[in-house]
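*Asks:* I would like to see how this sequence folds:
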Amino acid sequence: MRHRIFIAINFPEEIKKEFLSEQGKWPKLPVKWVKPENLHITLVFLGYLSDKELLDILKIVREAAKKHNPFLINLTKVCYGPPKKMPPRMVWVEGEKSDELTELQKDLEKSLGVAETRPYAPHLTLGRIKTWDFRQIEPEERPEINEELNLGLEVNSIEVMESELKRGGAEYAVLESVPLSR
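*Replies:* Modelled structure (predicted):
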């Protein structure tokens with residue numbers, strides 16, 4: 001069997017509720033909002049893996065997590081993303097880059113043998129913009145989305161996640177939550 005796998009940081013329910021209120025601020029924006037249970041920050045996307053590859057990945061992630069202490073991540077802004085992309089593809093929350101987050105993400109990439117060409121920019125997708133509908137809105141009538149946010153979160157674990165693509169959108173399941181514990 002093939003599994004669509006990624007490594008992520010998940011959020012507690014009270015933080016997810018904060019994001020749910022952010023989604024409600026732009027009711028006329030043509031966006032498919034992400035379900036609260038699917039809100040996360042992706043660290044590494046691995047793609048489709050066999051059962052055997054998945055078992056190997058779980059071992060690698062456990063070993064990598066042992067080398068890192070829990071840390072804080074600050075979520076700083078709600079905006080269109082990716083930056084400078086027009087029309088934008090998403091409404092997202094930007095996370096502040098920190099040494100701890102960068103080291104964890106790079107260590108996972110190296111340990112897992114993944115080489116991402118784009119620089120890592122921590123973000124959480126709130127919704128995916130329906131591009132055709134967005135283009136129909138006159139540029140001066142498009143809502144400005146650029147809200148400062150000051151939301152801190154302690155990251156104590158990382159999750160190995162499976163993404164199952166379905167007609168109504170992707171559904172995510174935590175396969176294993178791995179504590180950070182240097």
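*Asks:* how about the contacts made by the spatially most central residue of the chain?
*Replies:* The residue lying closest to the centre of the chain (CA atoms, centre = their mean) is residue 41, at 2.5 Å. Residues near residue 41 by CB atoms under 8 Å, 6 or more residues apart in numbering: 8, 9, 73, 95, 122, 123, 124. To be clear about C-beta, it is placed using only N, CA and C from the backbone, and glycine gets the same treatment.
*Asks:* repeat that for residue 94.
*Replies:* Per CB under 8 Å, 6+ apart, neighbours of residue 94: 75, 76, 77, 78, 79, 81, 121, 122, 123.
*Asks:* for the third one, list each beta-bridge partner.
*Replies:* So that's residue 77. residue 94, residue 148 (DSSP bridges).
*Asks:* for the lengthiest helix in the chain, packing partners?
*Replies:* Criterion DSSP state H: the longest helix present in the chain is helix 51-66. Counting contacts by 3 or more CB pairs under 8 Å, 6 or more residues apart in numbering; DSSP states H and E, helix 51-66 is packed against strand 3-10, helix 99-112, strand 157-166, strand 169-179.
*Asks:* out of the ones you listed, which is the most enclosed?
*Replies:* Stretch with highest mean neighbour count among the helices and strands packed on helix 51-66: strand 3-10 (a mean of 20; mean count of other CB atoms under 10 Å).
*Asks:* tell me the average confidence for that one?
*Replies:* Throughout strand 3-10, pLDDT has a mean value of 95.
*Asks:* which residues are contacting that strand?
*Replies:* Against strand 3-10 from outside (CB under 8 Å, 6+ apart): 39-51, 54, 57, 61, 73, 108, 112, 155, 158-165, 174-175, 177.
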